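# Got a predicted structure plus its sequence, pasted below:
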Protein chains: 4
Amino acid sequence: MDKIEVGILGATGTVGQRFIQLLENHPWFEAKWLAASDRSAGKRYREATAWQLEGRPPADAAERIVEECIPGKGPRLVFSSMSGSLAGEIERDFAAAGHVVVSNSSHYRMAADVPLLVPEINPGHLGLLTAQRRERGWEGAIVTNPNCAAVVLVMPLAALKPFGLKRVMVTTFQAVSGAGYPGVPSLDILGNVIPYIGGDEERKVESEPQKILGDLEGDHIQPLPFTVSANCNRVPTIDGHLVTASVELEQKASREELLAALAAFSGVPQERGLPSAPKQPIHLMEAPDRPQTRKDAGIERGMGTAVGRFRECNVLHWKFAALSHNVLRGAAGAAVLNAELMKSEGLIEG
Amino acid sequence: MDKIEVGILGATGTVGQRFIQLLENHPWFEAKWLAASDRSAGKRYREATAWQLEGRPPADAAERIVEECIPGKGPRLVFSSMSGSLAGEIERDFAAAGHVVVSNSSHYRMAADVPLLVPEINPGHLGLLTAQRRERGWEGAIVTNPNCAAVVLVMPLAALKPFGLKRVMVTTFQAVSGAGYPGVPSLDILGNVIPYIGGDEERKVESEPQKILGDLEGDHIQPLPFTVSANCNRVPTIDGHLVTASVELEQKASREELLAALAAFSGVPQERGLPSAPKQPIHLMEAPDRPQTRKDAGIERGMGTAVGRFRECNVLHWKFAALSHNVLRGAAGAAVLNAELMKSEGLIEG
Amino acid sequence: MDKIEVGILGATGTVGQRFIQLLENHPWFEAKWLAASDRSAGKRYREATAWQLEGRPPADAAERIVEECIPGKGPRLVFSSMSGSLAGEIERDFAAAGHVVVSNSSHYRMAADVPLLVPEINPGHLGLLTAQRRERGWEGAIVTNPNCAAVVLVMPLAALKPFGLKRVMVTTFQAVSGAGYPGVPSLDILGNVIPYIGGDEERKVESEPQKILGDLEGDHIQPLPFTVSANCNRVPTIDGHLVTASVELEQKASREELLAALAAFSGVPQERGLPSAPKQPIHLMEAPDRPQTRKDAGIERGMGTAVGRFRECNVLHWKFAALSHNVLRGAAGAAVLNAELMKSEGLIEG
Amino acid sequence: MDKIEVGILGATGTVGQRFIQLLENHPWFEAKWLAASDRSAGKRYREATAWQLEGRPPADAAERIVEECIPGKGPRLVFSSMSGSLAGEIERDFAAAGHVVVSNSSHYRMAADVPLLVPEINPGHLGLLTAQRRERGWEGAIVTNPNCAAVVLVMPLAALKPFGLKRVMVTTFQAVSGAGYPGVPSLDILGNVIPYIGGDEERKVESEPQKILGDLEGDHIQPLPFTVSANCNRVPTIDGHLVTASVELEQKASREELLAALAAFSGVPQERGLPSAPKQPIHLMEAPDRPQTRKDAGIERGMGTAVGRFRECNVLHWKFAALSHNVLRGAAGAAVLNAELMKSEGLIEG
C-alpha cells in the first residue's frame, strides 16, 4: 500500500516536532509537506525549528523546505498545531479549500458541528461531519482533539460513565511542554509551582469533558450533564500532565467494580488495532506512589493513561491520580490517532 | 532582660537547623543545649550536621558539643523535632522530668490533652495543660504545632470559619524539605511529581484542622464538625507547601466579604507583637498567577500565608490557592511562635 | 545627610529589579527615577514589570510611573542595565547630557577610556575619567562593571596576582538569571546542561580579566599579560555562577601561602566600609563539597566570593572552585558598589 | 541459536535495573538469574527493587525470585554492578568459582591483570586474561569497563591519539543517576551544583584513560603516557555525563583533520556489528549549543558519544564538549558490549 501523503500546519512548534517524530515511520501516513509561519517559510526545516526532542530531526524532514500556509497547497490531509489565535482563520480556509484538517488547536473544539474526538470514547461523533460540510459548504472538514489536561481526566471518566457522573473536582500538575516553545521562562518555573495557566485552561477542562462524553443526536452533540471544577497548575516537569481528581457518582459501586471498569475500558482503536492506539487505554498502577510524571508518562509509547491511588473520598465519593503524556496522548498523538480512526472509517482515502 | 535558655531535641536535622537559625538573634530565647541521636552526641555541631541552609551554621552553635537526649539535662524549655517514631517516648520522658516540650513532632498532636496550637487561631487551647499535668502527673508539658501541609489550609479556614465550614477538598504541592534530610532521593523527584506522601500525610491533613479549629470545653477540645478530603503530592520545589482548595460554607457570602475576612484575619500574636508573628497572617495576592512557591514562601520572613485566586467553584462554593513556608510557618517557626505565646501567657519563666 | 537621588535605566528587567531591591533601604542613594523602554513608559512600575524577586516590589517603587529614557531628564547619577544592543547609544547620550552612568552593560567595558571597575581590585582605574571627559567632551561619565562570569574568576585571580599569573583555564556553571527575563526557556534547561552561552560570553571571560587586573598608565590601562581559556555553560540553577578554574603561576608557592593570600585579600571598599562592600571579599570554604550554588551564592548578602577545593592541578599548577552571585556581585550589586566608590572619591556629590 | 543464560550481581540497583532492561530483548543473552544483597534475596524482583525506569520491570524479571550472591550458583556469565566495597571479594569468589564476571565495579579496574575494556578502543586487552587465569588460578575471569565519567573523555581521546596526547584538562557535569539509588538527596541538588563527587572520582578520571589507551605488551598494559587533570561536579540532570575538555597534542593538525578523525573513529564492535554497538561511536554535533545532556544522552540508544564545540583553546590546543549516557555507555551498556565482544572472540560459549 502506498502511504498517504500528509501535511503539517505549524510544523516548527513543539507539537509540530512531535507530528514529524510520530510520522517518521508511520505505516499509513507520510509527512510530505511542512508549513509554518512566514518567518520560517523558505528555510530548511532543520534551520527553521529549534528541535526540542532527542537527537536531531529525521533526515527526511530536516532537509525539507518549510512552506507557507496556503490553502489548497499541500496534501488533502493536514495535521494542524497552529496556535489558537491563528487557527480559526487558517483551519477554516484549509477546510473550505477541501483539506481534511485534523487539528490540535482549541479554536473549533466547542463548535457545535465539529467533533471533539477521542477515538476510544466517541468515534461516532464523526457523524457531525455531514452537518459540518452541509452547513459550512466545505469540501474538506475539521476534527479536533481535546485540551491536553482535559484528556487525562476524560479517559477514566469515560470508564466510570456507566456509574453515572455527577460532580468532578480536578487539580492538575502540568508539564512545561504544554506551553510550547519558548513557552514558560525558566526563571518562572525552576523550583517553583505556578497555580495558574493562561489561555482559559480551567474553562477548557471544565467544559470539554461534557461534550466528549455526550451523545450524537441527529446533527448535534447532547453534552453529558455533569459538573467539573478545575484547578490548573504548572510544575517543573518536562512531559506528562498528572491530575488528582475526585468524583461523585449516581450509583453505588464497590472499589473493585470501579477498578474493573477502568482496567477493562477499551474501544474502537483497540478493536481495529489502529497503529497509534494503546493496547490498553487505562493502566492501573498498583504501587501506592504511582503514577509519576517522569516515570510513567511514556506508558504505551505515550498513548496510555496511567491511573493509581483509587480510594474513597471524604467529600465526593472516589478519588484517584491519573497521568498521560501531554504532547502525545494530549496533542500530536491524539491527532494522529484521530486521523487513523477516520482512515479506518473510509473518511480519508489512500 | 536575660534571655531564656532553651534546648533543641533533634538539633542536627532539617528542622533542628532552622531552630538554630531562628534562635540565633532571638530577643527572648537562646539556644544553649543542642541534643541529637547517639550517633551525633559528643561531636561538634558543625561536624554532626549536614548544614542545608545558606552559608554556615552560626558560630556559636557550630562549636557547641552535641548532647545526648537525656531528660532532666538541659534547660526547662526544649524545642523538639524528633522524628515521629522516637518522639513518643523521648518527649514524654522530658515532660515527666519537668521540661516544657514545644514539639514539631506528630506523635502527640491528636492526643486529647495536648494542645495542637496555632497562636492566631486557638491560643485558648493552652488551657488543656492543666488537665495534661493533672492526668499525666507531669511537672513539664507538651504542646504541638500542626503538620506542615495542614497549617497552610487551616489559616484561611480559620478566617472563613465564621461563615460555617462544611466540606473542604485540598490538593497539596509539597516541597522536598518537608521530608527532611536525606529525605527524597533526587532520582525520585527531579522533573517529576509523586502523588503520594508517606507517614499517613493525608490523614493528618484530613483530621488536624477540626481539632485546631475546635473549642476548648472544660478539659477537652470539641472538634469543629466539618469534613476534609486531601490529596498530598511531592513536587520538585525546595521550600514552601502550596495547596489548591475548595470549600463549602453554610452561609451565603459575597467574594468581597470573604476576601475581607481573609485580609482582616488576625489574633493574639499580632495584638501582643510576638517576635516571630507575621504582621498580617494572611496576605491576599492580586496577581492571577500568585502565590508561587519559590517567590512567595518567604513572605513575612516565612511566617505569613499567601492566598490567591479566590474564585467560585463549580462543585463546592469557593476555591483558592494558598502557600506557606513548610519549615518556618509549618515547623520550626511555628514551634518558636508557640513558645512565644506561652511566654506571653506566663507559662514559661525567664 | 540627604540621600542622593538616582535613576535606573532598564528598571523593569531582571537587573533593574535588583537595583530597586538594593536601593530600597540604601543609606546614601534613593531610586527616584525609573526609566525603561517605550513599551513600559507611562505605566506604574508594578504593572510594567514581571517581578521575579521574593514577594512584591517595594511600595515606593511599585506606584512610581515608569519614565522614558530621555537624556537630561532624571537625576545626575543613573544606574544602567540596558541590554547590550541599546546601551551603546543611550548610555553615550546620557553621559553627554551630564549624567554619571554606572553601567552593568557590556557595551563600553573594553573601551580604552572607560573604567572596568572592581572596587577591591582597581579603584585607581577611575583615573581614566579625566581622559574620557576630555576626549569625548562629556560632562558626565560612564563606568562599567565586569561580566557576571568574569567577576567570579577575577576576584581570586586578583589575590593570586602577586604570584604572577600566566595561564588560566576556566569552566563555568551559570545560572538562568544571568540571561535575564524571559531569558532561557524552561524546555531548554530543566534537567539539562547547555554547553554554550550566546552574546560572546567566552570572549568576555577571556578578555576582561586582563584589563581589570591591569595598571593605569597615564591615560590608559596596560592590561596584565596572561592568558585565559573559558568554557561557558548554562545549568539549571536560579542565582549564582560557579566556576572551576586552573591557574599557572610564575612563582612557586605553597598551598598555605596561596590560601593565606586568598583569605587576606581586601581593598578600598573594606577600608572605607562602603555600604555594599562584603566584610571579606573572599571566603574560603573548608568543606570538600563547597561552594555550592544554591547554598553559598548569598554569602555576604550576595557580594562575597566563595572559594573552595583549592588543590594541585596535574596540568597547570593549582585548581579550585569559586562562586559568586551573578545578579548581585555580578551585576546590580557591583554597580551600586562602583557608585559607592565614586561617592567616596568625591566623584558624585550629594 | 539458543540464548546464553546470564546472571546479574546487584540486580536491584540503578545499574542492575538497566542490565535487566538491556537484556530484555537481547539477541544473544537472557537474564535468568538475578542476585542481590541478603536483604533482597528471597523476594520477587518487583518487590525487592525500587524501579526507577519508565513503566514497570519486564514481566519476566518482575516475578523472578532474587537469589543470594553465592559463587558457583547461577550461569557462567555474570554481569556485576556490586558497589565498590563489596565487589572486591564477591567478584573474586565468582571468578575463582569459574564465572566470567563482566563487571561495572571500580574495584579491579586498575589491577595489572584485569582488562579495562572499551571495545572500540582496546579489544586486544582481553589478552590479559591468559595471565590473569594463570597467576590467580581462576577458571573464570574478570573484565571491567571504565568509570562513567572517564568513558566520556576517553572516546574522543582515542580518536585523537594518533596526533599524540600530551595533556588534558576536563571538567564534568555529572547526572544524579551516576550516584545510584537513593544516591544524591534532592535537598542537595535541586537548583544546585556540587563541585565535588565522592569515591575518589577525580582520581579515576585522571588515571583510567592512560590504561585504556595503553598497549598490551606481553602480560601487561603499558599505559599511554599523558596527563589528565579533572574537576568532577554533580548537576541536577537525570542521565548523561557532559564534559568540557581541553587537549594538548604533540602534532600540529587542522581543525578539519581532527574533526575528520573524530567522525571516522570506529572499531571492532562496528566491524562485527555487535548488537549493542553504536553504528558510529562519535557523533559530531554541528549546532553551536550541542551536545546537551537531556536532549543528546540517548544518541545511538545511549551508546554513542556526542562531541561538539570543537575549537581552539588559548591555553592548551583544542577544546570541546562531549557527552555520553552514564548508565548505558558508562555502565550497564558498556558491560553488555564487553560481553558481546568476548562472545565474538569465542571467550564465552553459547
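Sure thing, it's come through. Note that the coordinates shown come from a computational prediction; the quantities given were computed from them, not determined experimentally.

# shaky segments in the stretch 251-350 of chain A?
For the stretch 251-350 of chain A, the stretches flagged by pLDDT under 70 are A:350.

# Oops, could you answer that again for chain A instead?
A:1, A:350.

# near chain D, which residues of the stretch 1-150 of chain A?
Residues of the stretch 1-150 of chain A lying close to chain D (Cβ under 8 Å from any Cβ of the partner chain) are A:52-55. From N, CA and C alone the C-beta is placed, and that goes for glycine too.

# try it again with 10 Å
A:46, A:50-56 (Cβ under 10 Å from any Cβ of the partner chain).

# Of those residues, which is the nearest to residue B:60?
Distance to residue B:60, by Cβ to Cβ, is smallest for residue A:52 among those, at 50.5 Å.

# ok so, going back, can you turn the buried part of the residues of the stretch 1-150 of chain A next to chain D into a PyMOL selection?
What follows is the PyMOL syntax selecting those of these that are buried according to 16 or more other Cβ atoms under 10 Å in any protein chain shown:
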select buried, chain A and resi 46+51+52+55+56
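
# Out of the residues of the stretch 1-150 of chain A next to chain D, which comes closest to residue B:182?
Nearest to residue B:182 among the residues of the stretch 1-150 of chain A next to chain D, with distances taken as Cβ to Cβ, is residue A:54, at 30.9 Å.

# Skipping adjacent residues, who's closest to that closest one in space?
Nearest in space to residue A:54, with sequence neighbours left out and distances taken as Cβ to Cβ, 6 or more residues apart in numbering or on different chains, is residue D:298 at 4.8 Å.

# Residue A:93 now?
With Cβ to Cβ, 6+ apart as the criterion, residue A:93 has its nearest non-adjacent residue at 4.3 Å, and that residue is residue A:71.

# re earlier: tell me how many other residues crowd the residue nearest to residue A:54.
Residues near residue D:298, counting by other Cβ atoms under 10 Å in any protein chain shown, number 18.

# Which strand or helix spans the residue of the stretch 251-350 of chain A found nearest chain C?
Closest contact between the stretch 251-350 of chain A and chain C, by Cβ to the nearest Cβ, is at residue A:294 (8.7 Å). Taking DSSP states H and E as the definition, one finds residue A:294 inside helix A:293-296.

# what's the residue nearest to residue A:93 in contact with, if anything?
Counting by Cβ atoms under 10 Å, 6 or more residues apart in numbering or on different chains, residue A:71 touches A:9, A:78, A:90-99, A:101, A:140.

# quick one: it from residue A:254, how far?
Here residue A:71 is placed at a distance of 54 Å from residue A:254 (Cβ to Cβ, to the nearest Å).

# circling back: excluding chain neighbours, what is closest to the residue of the stretch 251-350 of chain A closest to chain C?
residue B:192 (3.9 Å).

# Cross-check the contact I'm expecting between the one you found and residue A:290.
No. Counting by Cβ atoms under 10 Å, residue B:192 stays clear of residue A:290, with 11.0 Å between them.

# which residues do those two both contact?
Counting by Cβ under 10 Å, 6+ apart, the residues touching both residue B:192 and residue A:290 are residue A:296.

# and the residue nearest to residue A:294, what is it in contact with?
A:173, A:235-238, A:240, A:242, A:292-297, B:184, B:186, B:234-236, C:191, D:186, D:238.

# How about the residues of the stretch 151-300 of chain A by chain D?
Close to chain D, as judged by Cβ under 10 Å from any Cβ, the stretch 151-300 of chain A has residues A:190-192, A:236, A:238, A:283, A:285-287, A:289-291, A:294-300.

# Give me the neighbour count for the residue nearest to residue A:69 when sequence neighbours are not counted.
Distance criterion Cβ to Cβ, 6+ apart; nearest residue to residue A:69, sequence neighbours excluded, is residue A:35 at 4.6 Å. Residue A:35: 25 surrounding residues under other Cβ under 10 Å.

# what's across from residue A:35 in the sheet?
Assessed by DSSP bridges, residue A:35 has beta-bridge partners residue A:9, residue A:67.

# Pretty sure it sits against residue A:8.
Yes. When contacts are counted by Cβ under 10 Å, residue A:35 is listed as touching residue A:8 (6.6 Å).

# need the contact list for the nearest residue to residue A:215 once chain neighbours are set aside.
Leaving aside its chain neighbours, residue A:215 sits nearest to residue A:222 (5.1 Å; criterion: Cβ to Cβ, 6+ apart). Neighbour list for residue A:222: A:210-211, A:214-216 [criterion: Cβ under 10 Å, 6+ apart].

# And residue A:222, how far from residue D:296?
50 Å.

# in chain A, which spans are helices?
Ranges of helices in chain A, per DSSP state H, are A:14-23, A:45-48, A:59-62, A:84-96, A:128-136, A:150-160, A:186-189, A:201-212, A:255-264, A:268-271, A:293-296, A:332-344.

# ok so, going back, what's the helix holding residue A:294 packed up against?
strand A:241-249, strand A:305-312, strand A:318-324, helix B:186-189 (3 or more Cβ pairs under 10 Å, 6 or more residues apart in numbering or on different chains; DSSP states H and E).

# and residue A:210, how many neighbours does it have?
Residue A:210 has 19 neighbouring residues, counting by other Cβ under 10 Å.
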